[in-house]
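Student: generate coordinates for the sequence data below:
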Amino acid sequence: MIGRLRAMWHRRSQVGMVEAYFRWTLYALPWLPVIGGVMPVMGLTGSSPLPVALAVGASGLNVVQGVLSVPLFNRALNRYLKLGATPRGLLLVSGVLTVAAGVALVALVAVNGIGRDHAPDESLATVSIALGANLTPFSMAHSLVVTKRSFLAALAAATAVLILLFGVLTGSWLGALAVSSLLVFACLWSFVIARPTGWLLGVVRKLDAARGTEARLAVAEERLRFGRDLHDVMGRNLAVIALKSELAVQLARRERPEAVEQMVEVQRIAQESQREVREVVRGYRKADLRAELAGARSILRAAGVDCRIEGEDATQLPPEVESALGWVVREGTTNVLRHAAEVRHCAVRTLIDPHRSVLVMTMENDGVTTHRTVTTGADRLPGSGLKGLRERLQPLGGTLASGPVLQGSYRLTVELPIPMGAAMG
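Tutor: Numbering: from 1, shown residues only. Take a look at the predicted model:
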């Protein structure tokens with residue numbers, strides 16, 4: 001039996017364990033007042049039938065109240081956590097049991113059924129403690145299903161009634177005030193026990209939900225990163241493969257031996273693409289600026305585009321900035337290759353604005369027309385590459401702007417803040 005309970009406990013999540021601990025602690029609390037507050041009254045009744053019946057009735061009603069507190073507190077907590085409706089039926093039954101047990105305890109005082117063998121003050125204090133204990137289960141449940149203001153208003157009204165009732169029965173208004181103060185303390189104790197328990201459970205649930213949301217966001221971000229890297233890696237390479245394959249087909253039809261060289265180059269690029277994809281999967285790949293600039297010059301010239309690169313050797317930059325700019329060159333080159341039939345000139349310029357401590361890279365090409373024809377076959381969703389570049393530049397505080405300029409040219413401009421130590425040689 002113990003092993004089965006232990007196995008059931010360990011199958012719970014950490015949040016489930018915390019919630020079960022707080023809930024069952026709350027379920028057990030009503031038994032402490034029953035055992036320590038109500039049952040001692042039975043020792044003060046003597047042997048008269050009516051006082052004994054009243055004391056036994058009050059104790060029995062509180063035992064039923066303790067049993068009822070498990071489903072009542074469970075549903076009251078769910079109501080506080082906005083997981084269920086208000087347990088009106090159970091709360092009504094608990095209120096009736098509380099009133100009935102309270103009436104039995106007050107009747108003990110009215111019929112002088114206690115204190116015959118004890119001091120009157122001691123007997124009255126014991127009954128007062130029993131009344132406070134009797135109020136505890138209902139007060140705890142009630143504090144979870146109503147607002148703080150409603151609970152305190154109900155407590156004030158009940159206190160006024162109790163002062164009037166005890167004052168009439170005992171003839172001592174000072175004693176009635178003392179008893180009522182004890183009952184108020186019991187209700188406030190119930191409030192500060194139950195409400196913080198519900199609040200803690202709510203916080204734990206929110207933290208667990210936030211952790212789940214964070215995990216889902218991390219997965220989504222990793223998927224975006226992988227898709228962005230795969231796009232950036234394969235976009236240009238596939239465009240180059242398509243371009244060189246088309247060139248090899250044309251050379252082969254003319255029976256030119258250069259076709260073999262072009263296919264060898266296609267094979268090399270395909271193998272390099274395989275390696276880069278594996279590195280993307282591992283999450284280790286970084287774009288090298290100088291390698292990307294050299295590759296852009298070679299590929300664009302092979303496609304018949306005059307490519308000029310300015311400022312590539314004179315710039316000393318942090319590694320993360322060089323990596324980001326390498327991806328910019330790669331994406332820009334891919335876009336130029338998609339329209340290689342129309343582009344004749346391309347220029348990549350890198351310079352530093354010393355007044356703003358900003359590095360500016362521009363990549364500009366001609367051949368922009370209203371209707372472009374994709375010659376490489378590398379069709380894709382519009383703007384996905386530039387969106388990926390913006391995502392890469394954003395953590396570094398960089399900005400990206402692109403669009404057509406005068407006389408049919410297209411310009412891609414990136415601005416990145418750099419440390420004051422970076423300089424142009």
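Student: residue contacts, Ile163?
Tutor: Trp173, Ala176, Leu177, Ser180 (C-beta atoms under 8 Å, 6 or more residues apart in numbering). C-beta coordinates here come from the backbone N, C-alpha and C atoms, glycine included.
Student: and it, backbone torsions?
Tutor: phi -60, psi -40 (degrees, to the nearest 10).
Student: before we move on, back to that, going by neighbour count, which of the contacts of Ile163 comes out on top?
Tutor: Neighbour tally across those (other C-beta atoms under 10 Å): the maximum, 22 neighbours, falls on Ser180.
Student: and the helices in the stretch 301-425 of the chain?
Tutor: 319-337, 384-393 (DSSP state H, counting those that start in this stretch).
Student: please identify the most buried of those helices.
Tutor: Among these, helix 319-337 has the highest mean neighbour count (mean count of other C-beta atoms under 10 Å), at a mean of 23.
Student: helices and strands around that helix, which ones?
Tutor: On a contact count with 3 or more C-beta pairs under 8 Å, 6 or more residues apart in numbering; DSSP states H and E, helix 319-337 meets helix 173-253, helix 289-302, strand 345-353, strand 358-365, helix 384-393, strand 409-417.
Student: as TSV, those with distance to Glu19 and mean pLDDT would be great.
Tutor: Below are the helices and strands packed on helix 319-337 laid out as TSV (distance: least, C-beta to C-beta, whole Å; pLDDT from 0 to 100):
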stretch	distance to Glu19	mean pLDDT
helix 173-253	6	81
helix 289-302	53	82
strand 345-353	58	89
strand 358-365	53	91
helix 384-393	39	81
strand 409-417	48	90
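Student: and these: which comes nearest Ala110?
Tutor: The minimum distance between Ala110 and the helices and strands packed on helix 319-337 falls on helix 173-253, with 13.4 Å, by C-beta to C-beta.
Student: list the buried residues of stretch 226-245.
Tutor: Across stretch 226-245, burial judged by 16 or more other C-beta atoms under 10 Å covers 228-229, 231-245.
Student: how about stretch 178-194?
Tutor: Buried residues in stretch 178-194, counted by 16+ other C-beta under 10 Å: Val179, Ser180, Leu183, Val184, Ala186, Cys187, Trp189, Ser190, Phe191, Ile193, Ala194.
Student: what residues does that stretch touch?
Tutor: With contact meaning C-beta under 8 Å, 6+ apart, stretch 178-194 is reached by 26, 29, 33, 73, 76, 124, 128-129, 131-133, 135-137, 139-141, 143-144, 151, 155, 158-159, 162-163, 166.
Student: buried ones among these?
Tutor: For the contacts of stretch 178-194, buried by 16+ other C-beta under 10 Å: 26, 29, 33, 73, 76, 124, 128-129, 131-133, 135-137, 139-141, 143-144, 151, 155, 158-159, 162-163, 166.
Student: returning to what we had before: could you dump the helices and strands packed on helix 319-337 into TSV with distance to Arg275 added?
Tutor: Formatted as TSV, these follow (distance: least, C-beta to C-beta, whole Å):
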stretch	distance to Arg275
helix 173-253	10
helix 289-302	14
strand 345-353	25
strand 358-365	26
helix 384-393	21
strand 409-417	27
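Student: among these, which is nearest Tyr21?
Tutor: helix 173-253 (10.0 Å).
Student: ok, then the element right after that closest one?
Tutor: Using DSSP states H and E, the helix or strand that directly follows helix 173-253 along the chain is helix 258-282.
Student: circling back: among the helices of the stretch 301-425 of the chain, which is nearest Gly66?
Tutor: It's helix 384-393; of the helices of the stretch 301-425 of the chain, that one is closest to Gly66 (C-beta to C-beta) at 59.3 Å.
Student: pop out the phi and psi values for Thr86.
Tutor: Torsion angles, degrees, to the nearest 10, at Thr86: phi -70, psi 130.
Student: wouldn't it be in contact with Val145 here?
Tutor: Yes: with contact defined as C-beta atoms under 8 Å, Thr86 counts as touching Val145 (5.0 Å).
Student: what do these two both touch?
Tutor: Shared contacts of Thr86 and Val145, defined by C-beta under 8 Å, 6+ apart, are found at Arg79.
Student: ok, these two, which is more surrounded?
Tutor: A count of neighbours by other C-beta under 10 Å puts Val145 above the other of Thr86 and Val145, at 22 against 15.
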